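In: What would the 3D arrangement of this be:
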Amino acid sequence: MIEVLLLATTLLQQGRVSDAFNVRAELQGLYDEISQATLQFVTESDLDLFHDVVYTPDWVFIDAKGQKQTWSQVREREVQALSAPPLTSMNQSIQKLSLTSGGAEVVVNLTTVRSIVDAEGRYGRQGAPHTLTETTTFRDGWVKVSDKWKFKSREQIGRPTVAVGKPESNT
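Out: Below is the predicted model:
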């Protein structure tokens, strides 16, 4: 009897590991899609259509100070970002995944890279070009809705770290 219980427990644990692996792969694919889409957004309509497909209607963002913001509040910043200098790259890599009832909780590092001209001299000589690499850690909530994953929440964990470098030359 004990052997049967041990075997059943082992099989259940293997099933959860397999499920976690599959969920991790699916969600990493969605993070990659979100990153690539974000780099290609041109209009407000692009933002809204993507949000309608990937995010839940009640999606929330919680900043590092613990202040909760709805999509309509975050959307304003995202619209403003459309006219900012573009990112060179954006990557979101899963650090930890925990399955929950009906979904998953994910700790993810968001890394963005952008080229700037340092007009104020914050990073060295005034007017010099630099590459800024910013990494921010988030705790994200995902839910499964009709066999599709939907992004339900994002909570910033701590402050971003910024690394400053010289831009790569093409010579």
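In: ok, which stretches of the protein are helices?
Out: 2-40, 44-54, 71-81 (DSSP state H).
In: pLDDT of the first one, averaged?
Out: With pLDDT averaged residue by residue, helix 2-40 scores 76.
In: doesn't residue 112 make contact with residue 90?
Out: Yes. Residue 90 is in contact with residue 112 according to CB atoms under 8 Å; the separation is 5.0 Å. To be clear about C-beta, it is placed using only N, CA and C from the backbone, and glycine gets the same treatment.
In: partners of the nearest residue to residue 70 once chain neighbours are set aside in the sheet?
Out: Spatial nearest neighbour of residue 70, excluding adjacent residues (CB to CB, 6 or more residues apart in numbering): residue 60 at 6.2 Å. On the basis of DSSP bridges, residue 60 is bridged to residue 70, residue 153.
In: What residues of stretch 106-115 count as buried?
Out: 106, 108, 110-114 (16 or more other CB atoms under 10 Å).
In: Among these, which one lies nearest to residue 122?
Out: residue 114 (14.0 Å; CB to CB).
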